[in-house]
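[1] Need a 3D model of the following:
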Amino acid sequence: MDATIAFPLLVGLVAVALFFDFLNGLHDAANSIATIVSTRVLRPHYAVFWAAFFNFIAFLFFGLHVAETVGKGIVDASIVTPAVIFAALVGAIVWNIVTWVAGIPSSSSHALIGGLVGAGVAKAGTGAIVWSGLGKTVAAIVLSPATGFVLALVLILLVSWLFVLQTPFAVDNTFRVLQFFSASLYSLGHGGNDAQKTMGIIAVLLYSQGALGQTFYVPLWVVLTCQSALALGTLFGGWRIVHTMGSKITRLNPMQGFCAETGGAITLFAATWLGVPVSTTHTITGSIIGVGAARRVSAVRWGIAGNIVVAWVITLPATAAISALTYLATRLAG
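    Residues are numbered from 1 along each chain as shown. Alright, predicted model coming up:
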């Protein structure tokens, strides 16, 4: 599979990548809708339509810096072959399915990046890794939830001060309206960052087969199909993970939901403009913990939060191992 492959096989690999993108939307629907559902501002089935729409139109607001990072900033594009892409996708898909069934909000983004690293190392050793790009991604594992936590905490303290003279009923009604805007912003951030990871995978696959010529870029049809696949996955919703994110970590009211979504959206907007492939799961989890901790430390179910952190830590090595084994099995079969 390392040479130029037949067109039908290339189409098949693109379809596998889009299936991963669909699973990403399915798995990460909770990131966009958990807070607005748990505060009962929107019913779940209306919420997924709301999130899917903003997931799809996100490409109109952001550049393609994240796609470029994933396409050529994690492993050396020159060593990428269809076998490497296939193995990376298998590792990410297997991990997404396992964590989705278990209701664990792990990162689809880091599953894909772990898959790329595992398959790349299996093919060409550690020299295949672009350490600067991988370093930014690994740093984001800590920085994105921490940033979401701090921003959400600051926002809820600021909002509480601004509305201190309002009755709880008035505050609740105000933020039921405002949460539509914060959920929209977070869904834009989610669509802007997450869909670009699959764009990068498909673009580097096409580049490795000479379909893009001498210059790496992301074709418009790749952008549109990836945004569509992510939005479609969001429509189906990952209800197990919505329950974990929306109610198991901490209980939320509309004001807290607004602050969590806004803090998370600011984090995602900044990361997407900087071209850093962050985890939307990590970001919103950090934000939710931030608003819960602002109320009181005991309001956060730290045991659940700890289990989620464990899943974060093992995602990269687990998917790297699955993808490396898949690549080696593919080579043996070939």
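[2] Please count neighbours and contacts with C-alpha atoms only from this point.
    OK.
[3] Tell me where the stretch 51-200 of the chain has helices.
    Using DSSP state H, counting those that start in this stretch, the helices of the stretch 51-200 of the chain run over residues 65-72, 82-102, 108-124, 131-162, 168-208.
[4] Buried deepest among those, which one?
    Highest mean neighbour count of the helices of the stretch 51-200 of the chain: helix 108-124, a mean of 27 (counted as mean count of other Cα atoms under 10 Å).
[5] For it, name the packing helices and strands.
    Here helix 108-124 touches helix 7-38, helix 82-102, helix 168-208, helix 302-333, going by 3 or more Cα pairs under 8 Å, 6 or more residues apart in numbering; DSSP states H and E.
[6] contacting residues for I129?
    I74, V75, D76, V117, G120, V121 (Cα atoms under 8 Å, 6 or more residues apart in numbering).
[7] related to what we said a few turns ago, just tell me which of the helices and strands packed on helix 108-124 ends up closest to A265.
    When the helices and strands packed on helix 108-124 are compared by Cα to Cα, helix 168-208 sits nearest A265, at 4.4 Å.
[8] Next SSE downstream of that closest one?
    Going down the chain from helix 168-208, the next helix or strand is helix 220-236, by DSSP states H and E.
[9] For that next one, name the packing helices and strands.
    helix 7-38, helix 44-57, helix 168-208.
[10] Check the model's average confidence along stretch 87-94 for me.
    Stretch 87-94 carries an average pLDDT of 93.
[11] what residues does it touch?
    Outside stretch 87-94, the residues touching it (Cα under 8 Å, 6+ apart) are 16-17, 20, 23, 108, 111-119, 319-324, 326-327.
[12] Show me the shaky parts of the stretch 1-150 of the chain.
    1-5, 29-32, 103-105 (pLDDT under 70).
[13] Make sure V291 is actually in contact with V159.
    No - shown here, V291 and V159 do not form a contact pair, counting by Cα atoms under 8 Å, at 11.4 Å.
[14] what residues does stretch 204-220 touch?
    For stretch 204-220, contacts defined as Cα under 8 Å, 6+ apart pick out 4-5, 64, 67-68, 71-72, 77-78, 80-82, 85, 199-200, 203.
[15] Closest to F56 out of the residues you listed?
    M199 (13.3 Å).
[16] before we move on, the earlier item: tell me which of the helices of the stretch 51-200 of the chain sits nearest to F236.
    helix 82-102 (12.7 Å).
[17] Compute the inter-axis angle for the closest one and helix 302-333.
    Angle between the axes of helix 82-102 and helix 302-333 is 150 degrees (criterion: axes from the mean of the first three to the mean of the last three Cα atoms, to 10 degrees).
[18] Helix 82-102 vs helix 108-124, what angle?
    140 degrees.
[19] would TSV of the helices of the stretch 51-200 of the chain with distance to G263 be doable?
    TSV is the format used below for the helices of the stretch 51-200 of the chain (distance: least, Cα to Cα, whole Å):
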stretch	distance to G263
helix 65-72	20
helix 82-102	25
helix 108-124	20
helix 131-162	5
helix 168-208	9
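[20] Tell me which of the ones you listed sits nearest to D28.
    helix 108-124 (7.6 Å).
[21] Any idea how many residues pack against V11?
    Residues near V11, counting by other Cα atoms under 10 Å, number 11.
[22] And it, how far from L18?
    11 Å (Cα to Cα, to the nearest Å).
[23] hmm, back to that, out of the helices and strands packed on helix 220-236, flag the one nearest G125.
    helix 168-208 (18.5 Å).
[24] what distance separates the closest one from the centre of its chain?
    10 Å (Cα atoms, centre = their mean, to the nearest Å).
[25] what angle separates it from helix 108-124?
    20 degrees.
[26] Near L42, how many residues? Count them for me, please.
    18.
[27] Spell out the secondary structure type for it.
    What DSSP: H, G, I helix; E, B strand; the rest coil gives for L42 is coil.
[28] Quick check on it: phi, psi?
    Note on L42: backbone dihedrals following degrees, to the nearest 10 are phi -130, psi 140.
[29] what's the span of stretch 269-280, first residue to last?
    11 Å.
[30] Buried ones in it, by neighbour count?
    Buried residues in stretch 269-280, counted by 16 or more other Cα atoms under 10 Å: F269, A271, T272, W273, G275, V276, P277, V278, S279, T280.
[31] Check stretch 310-325 too.
    311-312, 315-325.
[32] ok, back up a step: could I get the contacts of I129 as a markdown table with distance to S187?
    Shown next, in a markdown table, are the contacts of I129 (distance: Cα to Cα, whole Å):
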| residue | distance to S187 |
| --- | --- |
| I74 | 25 |
| V75 | 28 |
| D76 | 31 |
| V117 | 28 |
| G120 | 31 |
| V121 | 34 |
